[in-house]
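Engineer: What shape does this take:
(2 chains)
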Amino acid sequence: MSTLSKNFEPAQVEEQWYQHWMNKRYFHSTPDSRKPFTVVIPPPNVTGVLHMGHTLNETVQDVLVRKARMSGFNACWVPGSDHASIATEAKVVQLLEKEKGIRKADLTRENFLKHAFEWKDKYGGIIYHQIKKLGCSVDWERATFTMDEHYYQAVIKVFVDLYNKGMIYRGARMINWDPAAQTALSDEEVEYKDIQGKLYYVKYKVADSEDYITIATQRPETIMGDTAVCVNPNDERFAHLRGKQVLVPLVNRAVPIIFDEYVDPAFGTGALKVTPAHDINDYNLGLKHSLPIIDTLNADGTLSAAAEVFVGMDRFEARKAVVAQLQEEGLLVKEEEYSTRLGFSQRTSAVVEPRISTQWFVQMKEMAGKALGAVTSGEVKIHPEERFMATYKYWLENVKDWCISRQLWWGQRIPAWYDADGRFVVAATESEANQLFQTTFGQPAGGTLTQDEDVLDTWFSSWLWPMEVFNGITQPGNEEINYYYPTNVLVTGQDIIFFWVARMIMAGMEYKNERPFEHVYFTGMVRDKQGRKMSKSLGNSPDLLELIERFGADAVRFGILISAPAGNDLLFDDSSCDQGRSFNNKLWNALKLVKLWEANGIAQYDRNEEDFRKAAFAADWFAARLATVREQVEKMYSEFRLSEALKTIYSLIWDDFCSWYLEWVKPPFGQPIDGHLYSCTLDYFEQLMQLLHPFMPFVTEEIYHQLRERADGDDLTIRQFEPVAESIGVERDAVLAQGELLKSLITAIRDARVKNQLKPKDSIKLHVQTAAEANYSLFEGLLLKQVNAEAFSFVQDAVAGSIAVVLGTDKLYLETEVQLDTAAQKDQLLKDLEYQRGFLISVDKKLSNERFVQNAKPEVVEAERKKRSDAEQKIKAIEESLEALG
RNA sequence: GGGAGCAUAGCUCAGCUGGUUCAGAGCAUCUGCCUUACAAGCAGAGGGUCCUUGGUUCGAAUCCGAGUGCUCCCA
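Structural biologist: Below is the predicted model of the structure:
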């Protein structure tokens, strides 16, 4: 046996075992006769690094996957990453400019993509490295990227198919425009924030009159796009303006005054300027009243020629300029502080501009209905259900069509092909498009067809993830998709419930007519100690690799999980990793103790049955505890209460195993341990490591191998759980009760020792007055050892001059040479007495209430009667002890 | 503005279908211990009108209503 280090040293152990598991290909899965347990990783963004939210997610998945792998399943966890269209393109553009001085505008699409792929190859590996360091048991041979060739084909195939089914259409709509990335966004990519803005009151001159009408607006820079002023038809103040026109300031355009109940007379001045090109509500109003649309903004957020004034100026600069100009012309009535909500691009943080634009959309209604059904019917189960079911339902019931085109290059290019006249067909390839053009329009395309310049929303690729990682779209019905689909559980953050989860269910129902996963487990958001969201801008997100370096991967996994109650947001703090590291150490030291016993030699003690059973009490008790906890943990797994499961295992190991069991079986200093106890101890230790392994894979694997010599391939990672034994050779409840009794005896006596200021080394003689002497026979020896008593006897009466302790109805007397403070003892007993008397009164009160006795269930009444008689006996015992004290 | 969730020890939380095995756990705190695996430890202890307020009930931390505070989602 090599000498074990003082403390557990994770770094080398982790490296070595991960390599070993990889060499053995334990994480690689191929279809076989076992039941599959499939998990697909929520693909992290290829440009990013893992933050604590990912860490939590990956850890949860790894726990579930490892548990399944150890429970007879063919576990398959597919890793991968997504191409994150907007974010990656923005980064690549930035980098090209900075490092090589290349502007995107100067590049061809092909060249740009070449750079993007180079960049992805260079930096995309960071995430995978982090996943490895964390110990995740993913099947690396299956790693998938959403821009892989087959995946690209799958996305195109689905687009063409949905188009042919009439579920994808192209049209001009008001969409969310990101002026920084210069692309359309879906509704989900816009984040609304409260902003302190201003409301400007502006006078519009009524045409052919000296009258003015005052409107209120937040966006004076869009005045030049006004095509009407609208008031409420029931508003008497404006009745005289019916049929009149007003002159738009700065551009002096005459526009009509229109009447619509949409306008709230109480808001602002009751008059609304209508700018159909730049506000969604105005747009709808414009449609209703057939107003012209004047788009006064360019794609980059500067004023267009249509604005006539301040052309080329940025929209926010233009706002100041317009206000100044209005003021100069005496048209600005006043400014007012105003709090409102503004939309920001999730990716670039630019203020989103509502803009009319021709884009591609997916019809959502039908698919949303199916996705909703899958969840309400229970086919897909959401955890924790009460928290997220309502959100999920609400979104699907109110879903709008999905804008999927993005004005970018990094992504799957939309397979629509146009001729010079703007006629188009949708087909996977150019040659198919040419053919289709012929059949559709009865003539060949005039000249060559050009493909749509835009790419698809990244989520339009990731919604196929659970299928296409198994080539389920490109090769439907293949062996793998048949075997692995549907997956078992999806673990993800609640923030992408719409972006991703709901859409995956839609795609699954559409293309497999089957749910993509049975369970969805939503983790909470990771926040810092002060409850703030972790974000790059706050700089409050710890670096994962650094954390692992400081504490070890097992400790980090422990730390994040122990503070993560199901579905709740969790406040992450380094100190929980510290707790994990201490736990590692505790395990390590327990190992050292056991190894020490091994070194001290194993003895065969006399197995005379009675004596042997006594010696084996500790072993029987722990077997019972282990079996009980394993059942509890099993249940917690099935309910996804992983944090609780970990706590339960932690306490079983630290408290039951280390603090109680090991102390109970520990041989006297220097003496050899009994062979039976020793092998029991190794078995238990081994089983504990197995139980903990899904949570803390490295340290457990290491200890597993330290405990006993292992044959090649006998590794904890693949070791199968034995079913929890129905019988452990003794009556489980009885032995557990005995153990509890022993523990409370030890604690009570130790407490009495401390309160009476006995030094740990001061020996005592223990006398017990009890009606159930048999209870003590099994563990008498253990009891003496644990409370440093040199003698034990049963007595019928109080022992004068001793410390009296009342435990239940038993009385314990600690005889000692040390001078005692009887006053302190008396105080303690009086306190107990007072409590018991109060308790008795409350029980009596209940039992003397006729309605309670009549209405409550008989067993409840019976329990109360038992409580009463117990309390009476306890009171009697305390009173006797007090009497003996004098 | 619409909807959802939460409120229990200093902190983070557990308490399922109402009844002192229900007022708990882990951290943190306090007091003893360098006891021969572990001071990143051992032994022991203290600490809560279960947000407020009505109601249902023989009985409410638990069920219902109202209020207050916080969080999230949507427009």
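Engineer: ranges for the helices of the stretch 251-400 of chain A?
Structural biologist: A:280-288, A:315-328, A:365-376, A:385-397 (DSSP state H, counting those that start in this stretch).
Engineer: Nearest to A:Thr822, out of those helices?
Structural biologist: helix A:385-397 (56.5 Å; C-beta to C-beta). (C-beta placed from N, C-alpha, C; glycine too.)
Engineer: mind listing what's buried in the closest one?
Structural biologist: Buried residues in helix A:385-397, counting neighbours by 16 or more other C-beta atoms under 10 Å, are found at A:Phe388, A:Tyr392, A:Trp395, A:Leu396.
Engineer: again, but for stretch A:315-335
Structural biologist: For stretch A:315-335, by 16+ other C-beta under 10 Å, it's A:Arg315, A:Ala318, A:Arg319, A:Ala321, A:Val322, A:Val323, A:Gln325, A:Leu326, A:Leu331, A:Leu332, A:Val333.
Engineer: Just give me the closest of those to A:Gly270.
Structural biologist: Taking C-beta to C-beta as the measure, A:Gly270 lies nearest A:Val333 of those, at 13.6 Å.
Engineer: Could you list the low-confidence segments of chain A?
Structural biologist: Within chain A, the segments meeting pLDDT under 70 span A:1-2, A:386, A:445, A:530, A:535-538, A:565-568, A:606-615, A:727-730, A:886.
Engineer: Backbone dihedrals for whatever residue of the stretch 651-800 of chain A ends up closest to RNA strand B, please?
Structural biologist: Residue nearest to RNA strand B within the stretch 651-800 of chain A (C-beta to the nearest atom of the strand): A:Phe669, separated by 3.1 Å. Note on A:Phe669: backbone dihedrals following degrees, to the nearest 10 are phi -50, psi 130.
Engineer: how far away is it from A:Trp597?
Structural biologist: 11 Å (C-beta to C-beta, to the nearest Å).
Engineer: The two: which is more packed in?
Structural biologist: A:Trp597 (20 against 6; other C-beta atoms under 10 Å).
Engineer: if I read this right, that one contacts A:Tyr678, doesn't it?
Structural biologist: Yes - assessed by C-beta atoms under 8 Å, A:Trp597 is found in contact with A:Tyr678 at 6.3 Å.
Engineer: the longest strand in chain A is where?
Structural biologist: strand A:190-206 (DSSP state E).
Engineer: That one pairs with which strands, parallel or anti?
Structural biologist: strand A:212-217 (antiparallel), strand A:245-248 (antiparallel), strand A:332-345 (antiparallel) (DSSP bridges).
Engineer: Deepest-packed of these, please.
Structural biologist: Highest mean neighbour count of the strands paired with strand A:190-206: strand A:245-248, a mean of 21 (counted as mean count of other C-beta atoms under 10 Å).
Engineer: Closest to the mean position in chain A, which residue would that be?
Structural biologist: A:Thr523 (2.0 Å; C-alpha atoms, centre = their mean).
Engineer: which residues touch that one?
Structural biologist: Applying C-beta atoms under 8 Å, 6 or more residues apart in numbering to A:Thr523 gives the contacts A:Gly53, A:Leu56, A:Asn57, A:Val60, A:Val491, A:Thr492, A:Gly493, A:Gln494, A:Ala564, A:Gly567.
Engineer: A:Asp797: which of these is nearest?
Structural biologist: A:Ala564 (55.7 Å).
Engineer: So the closest one sits against A:Ser643, correct?
Structural biologist: Yes - taking contacts as C-beta under 8 Å, A:Ala564 lies within contact range of A:Ser643: 5.0 Å.
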